[in-house]
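S.K.: Coordinates only, no sequence provided:
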Ligand code: AR6
């Protein structure tokens, strides 16, 4: 279920400039792009990690980021959890990118899928928007996202793609940002296709 705040209604009647393209959408001065690939190879200012509250690393994209980025990321994550406790679902924190091409990693925790009964769409929206706010606070111009929650956390990809892209579109419509480039790096072709369909639907709505 999509919450009212990210429903299509929120994106209509806009005077902001939006351009429609196949796997990109420009909202105001920021381009959203979809690609298939491995996020650890991205050279955007930040890449986003689909972490868990312990910030100790794990499987999936989290494991790949810690392996490629090295010990400096884990050390900073450990300090953060020591100071402020486990990272709550829907929140985000920033660390160094260590050995990655990206200067920073933004760690966020998406919701575990419980059939849509536990505010999953709101929490997923929050994970994306808190990450975008943090990037803006640091004056970053580019960021890459994975498909948060759709691996180990079990969020159905079709629904997650719609929520993710609407969350980003609403952020760009309503909040000033230093970001000019937002790239979704989708690991497999099935996930990429679902995001493409969701982007096309979003483009028709705006
Ligand atoms: N680049 C881009 N996407 C990737 C990569 C990669 N290198 N590797 C995997 N994916 P998941 P979640 C995709 O499970 O569902 C971890 O153990 C993957 O195919 O990484 O939010 C954490 O520690 C899928 O499409 O994240 C947490 O405990 C997407 O990334 C838990 O998993 C997300 O899958 C978080 O689960």
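M.R.: Nice, thanks for sending it over. It should be emphasised that the depicted structure is a prediction, and the values quoted were computed from it without experimental measurement.

S.K.: Next, find the distance separating the nearest residue to residue 124 once chain neighbours are set aside from residue 96.
M.R.: Distance criterion C-beta to C-beta, 6 or more residues apart in numbering; nearest residue to residue 124, sequence neighbours excluded, is residue 163 at 5.0 Å. In this view, the C-beta of every residue, glycine as well, is placed from N, C-alpha and C. Distance of residue 163 to residue 96, given as C-beta to C-beta, to the nearest Å: 29 Å.

S.K.: try residue 57
M.R.: 15 Å.

S.K.: secondary structure element for residue 49?
M.R.: Taking DSSP states H and E as the definition, one finds residue 49 inside strand 46-50.

S.K.: what sits against residue 67?
M.R.: By C-beta atoms under 8 Å, 6 or more residues apart in numbering, residue 67 lies in contact with residue 40.

S.K.: What residues does the protein have near the ligand?
M.R.: 38-40, 50-52, 58-62, 64, 110, 146-153, 185, 187-188, 191 (C-beta under 6 Å from any ligand atom).

S.K.: now these: which count as buried?
M.R.: 39-40, 50-52, 58, 60-62, 64, 110, 146-151, 153, 185, 187, 191 (16 or more other C-beta atoms under 10 Å).

S.K.: Among the residues you listed, name the ones in strands.
M.R.: 50, 185 (DSSP state E).

S.K.: Keep only those of the buried ones among the residues of the chain next to the ligand that are in helices.
M.R.: 60-62, 64, 191 (DSSP state H).

S.K.: Just flag the most distant two among those.
M.R.: Using C-beta to C-beta, those span at most 16.3 Å, a distance reached by 62 and 191.

S.K.: returning to what we had before: save the ones in helices among the buried ones among the residues of the chain next to the ligand as a markdown table, and put in pLDDT too.
M.R.: Formatted as a markdown table, those follow (pLDDT from 0 to 100):
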| residue | pLDDT |
| --- | --- |
| 60 | 98 |
| 61 | 98 |
| 62 | 98 |
| 64 | 98 |
| 191 | 98 |
